[in-house]
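K.L.:
compute the structure for the input listed below.
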Amino acid sequence: MFSRYINRLQKRMSDCARQKYFHMPWSLVLKPTELAASLALLEHQTKTTHTHTRRIAIGDKVTLFDVKEKEVIILTLTNSRDSAPEKGLVSCLSPLGRELLGRITGDVIEIKIFFRTEMFRVVRIEE
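P.N.:
Model (predicted):
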């Protein structure tokens, strides 16, 4: 009986962690250094010219492979105002969105949330 309770609790924590890295609830605030780094990356991307490698930017449709769950996730990186994770629109200021900015196909992203590490591989980037 106790093991079923622990399994349910672990599943619930896993679901909470998964939701957190898809969007940034308004009750959570970025640290000033995190916000400055994200804004600097966005500014750098708008100034650079196109190169041979496509880098993830706001508005791109991104296909990810969740390494632990062995599933494919398709999302679009948006500004925080248009974020709607249930529709596949992920904020560029969310934990996952910040890690995606500037990445290229084949990159592996590790996100640590609630003492867990989630890993994603960038499979495809589309405009």
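K.L.:
measure how buried residue 53 is and give me the count.
P.N.:
Using other C-beta atoms under 10 Å, residue 53 has 9 other residues around it. Where C-beta positions appear, they are placed from N, C-alpha and C, glycine not excepted.
K.L.:
wait, what's in contact with it?
P.N.:
By C-beta atoms under 8 Å, 6 or more residues apart in numbering, the contact list for residue 53 reads 104-105.
K.L.:
where's it relative to residue 104, distance?
P.N.:
Residue 53 sits at a distance of 5 Å from residue 104 (criterion: C-beta to C-beta, to the nearest Å).
K.L.:
quick one, helices of this protein?
P.N.:
2-20, 32-47, 95-100 (DSSP state H).
K.L.:
average pLDDT for the first one?
P.N.:
Helix 2-20 shows a mean pLDDT of 57 in the predicted model.
K.L.:
what's the answer for the last one, then?
P.N.:
For helix 95-100, the mean per-residue pLDDT is 88.
K.L.:
residues in a beta bridge with the closest residue to residue 123 other than its chain neighbours, which ones?
P.N.:
Residue nearest to residue 123 in three dimensions, not counting chain neighbours: residue 63, with 4.3 Å by C-beta to C-beta, 6 or more residues apart in numbering. Applying DSSP bridges to residue 63 gives these bridge partners: residue 74, residue 124.
K.L.:
next, count neighbours for residue 63.
P.N.:
Number of residues near residue 63 (other C-beta under 10 Å) recorded here: 15.
K.L.:
wait, it sits on residue 124?
P.N.:
Yes. The pair residue 63 / residue 124 is scored as a contact, 4.0 Å apart, by C-beta atoms under 8 Å.
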